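J.: for reference, the sequence and a predicted model appear below.
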Amino acid sequence: MQYVRLMSQSAKITRAAAPDAPESAAGTRAAAQRLKMRRELAAAAMELFASKGYEATTVDEIAATAGVARRTFFRHFRSKEEAIFPDHDDTLTRAEAVLEAAPASEHPLDTVCRGIKEVMKMYAASPAVSVERYRLTREVPTLREREIASVARYERLFTRYLLAHFDEQDHHDGNDDPLLAEVAASAVVTAHNHVLRRWLRAGGRGDVETQLDHAFGIVRKTFGTGIGAGRGQAAVEGEGPAAEPAPAATARAEGEVLVAVARTDAPLDEVMRTIEEALRNKRSQEPQA
């Protein structure tokens, strides 16, 4: 009887949800059309900026070149400088989705690196457009300021994500986790922007993904042992708080031999401190002559 009731409830839910499906599809089509129009307006703006100059180009001219009315332009952008970056809102949403769908066992710094790859994908999808946009932002201070504001949004998103992996109640003097979270988030964004600028200066040529992975490897090596090491298996299974991350290095005495075990990403100074402490403990336990 219970099984029948559950099936009946499920059927009701399915029937109730069914009418929403067309609306969802319509919403997807509307979003795609909106992005298409934003890109067409951006292409028109870039064409005019390149031929007439930024200051001499008007919103009316951008709308006319794109074949739409002035009011249509303002439905998509608040100003002509905003039109040069049509994809940042959509890309920010995709980056946020990567963070929200991250496996519980993944190191949060790795998750952030995957998230910012969505930004690189945006630029790499249209190399010629990206290179021209880069040239314009170098020449027009207003566009440069707009670009900086866009980058700041990603940085805030990643900082919030990394901070969320620390216990807010444990933020006290002597605890550097909040500092590490902000610095690491900035490092990921800086590494991405460094690789992106080199790629753009090279005309959008080269294996940008490999270059990006190399840069992220440096960030991971630098900050990986300081940032919380994921949420652990217990959190994956929903059985309580995450397990404590394994120490970067351990050492123990076995007779006259000292055995040290360290992670490959462990900082050298931390490994040496562990060995020195183990040696001191060993000597303090030895009988005095």
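T.: Nice, I can see it.
J.: pretty sure T250 belongs to a strand, no?
T.: Yes - according to DSSP: H, G, I helix; E, B strand; the rest coil, T250 belongs to a strand.
J.: what is the neighbour count of it?
T.: As a burial measure, T250 scores 15 neighbours (other Cβ atoms under 10 Å). Quick note: C-beta positions are derived from backbone N, CA and C, even for glycine.
J.: who's it bridged to?
T.: Residues found in beta-bridge contact with T250 (criterion: DSSP bridges) are V261.
J.: that one reaches E277, doesn't it?
T.: No - in this structure T250 lies outside contact range of E277 using Cβ atoms under 8 Å: 10.6 Å.
J.: quick one, what contacts F49?
T.: Shown in contact with F49 (Cβ atoms under 8 Å, 6 or more residues apart in numbering): 57, 84, 136, 140.
J.: 6 Å instead?
T.: For F49, the contact set (Cβ atoms under 6 Å, 6 or more residues apart in numbering) comprises 57, 136.
J.: which strand or helix spans it?
T.: For F49, the element it lies in under DSSP states H and E is helix 20-52.
J.: right, and the helix or strand after that helix?
T.: With elements assigned by DSSP H and E, the helix or strand that comes after helix 20-52 is helix 59-66.
J.: report the buried residues of that next one.
T.: Buried residues in helix 59-66, counted by 16 or more other Cβ atoms under 10 Å: 59, 61-63, 65-66.
J.: and whichever helix or strand comes after that helix, how far out from the chain's middle?
T.: Per DSSP H and E, the first helix or strand lying C-terminal to helix 59-66 is helix 70-76. With Cα atoms, centre = their mean, to the nearest Å as the basis, helix 70-76 stands 30 Å off its chain's centre.
J.: likewise stretch 46-65?
T.: The chain centre lies 33 Å from the centre of stretch 46-65; the measure is Cα atoms, centre = their mean.
J.: first to last residue in that stretch, what's the distance?
T.: 11 Å (Cα to Cα, to the nearest Å).
J.: correct me if wrong: V112 contacts V189.
T.: No - applying Cβ atoms under 6 Å as the test, V112 and V189 come out as separate, 9.1 Å apart.
J.: the two: which has the busier surroundings?
T.: Ranked by neighbour count (other Cβ under 10 Å), V112 and V189 place V112 first, with 29 against 22.
J.: element containing that one, please.
T.: Assigned by DSSP H and E, V112 belongs to helix 108-125.
J.: same question for E147.
T.: helix 141-163.
J.: in the helix or strand just after that helix, what counts as buried?
T.: Next in sequence after helix 141-163, counting helices and strands by DSSP H and E, comes helix 177-201. When burial is assessed from 16+ other Cβ under 10 Å, helix 177-201 yields the following buried residues: 177, 180-181, 183-185, 187-189, 191-193, 195-196, 199-200.
J.: equivalent analysis for stretch 145-153, please.
T.: For stretch 145-153, by 16+ other Cβ under 10 Å, it's 146-147, 150-151.
J.: also stretch 90-98?
T.: By 16+ other Cβ under 10 Å, the buried positions in stretch 90-98 come out as 91-92, 95-96, 98.
J.: which outside residues touch that stretch?
T.: Stretch 90-98 has contacts (Cβ under 6 Å, 6+ apart) with 114-115, 118-119, 122, 153.
J.: cool, stretch 56-71 as well?
T.: 40-41, 44-45, 48-49, 73, 80.
J.: and the contacts of stretch 90-98, which are buried?
T.: Among those, those classed as buried by 16+ other Cβ under 10 Å are 115, 118-119, 122.
J.: show me where pLDDT drops low in the stretch 151-289 of the chain?
T.: Applying pLDDT under 70 to the stretch 151-289 of the chain flags the ranges 166-175, 224-249, 251, 253-269, 271, 282, 284-289.
J.: with secondary structure added, can I get the buried residues of stretch 90-98 in CSV?
T.: Formatted as CSV, those follow (three-state DSSP):
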residue, secondary structure
T91, helix
L92, helix
A95, helix
E96, helix
V98, helix
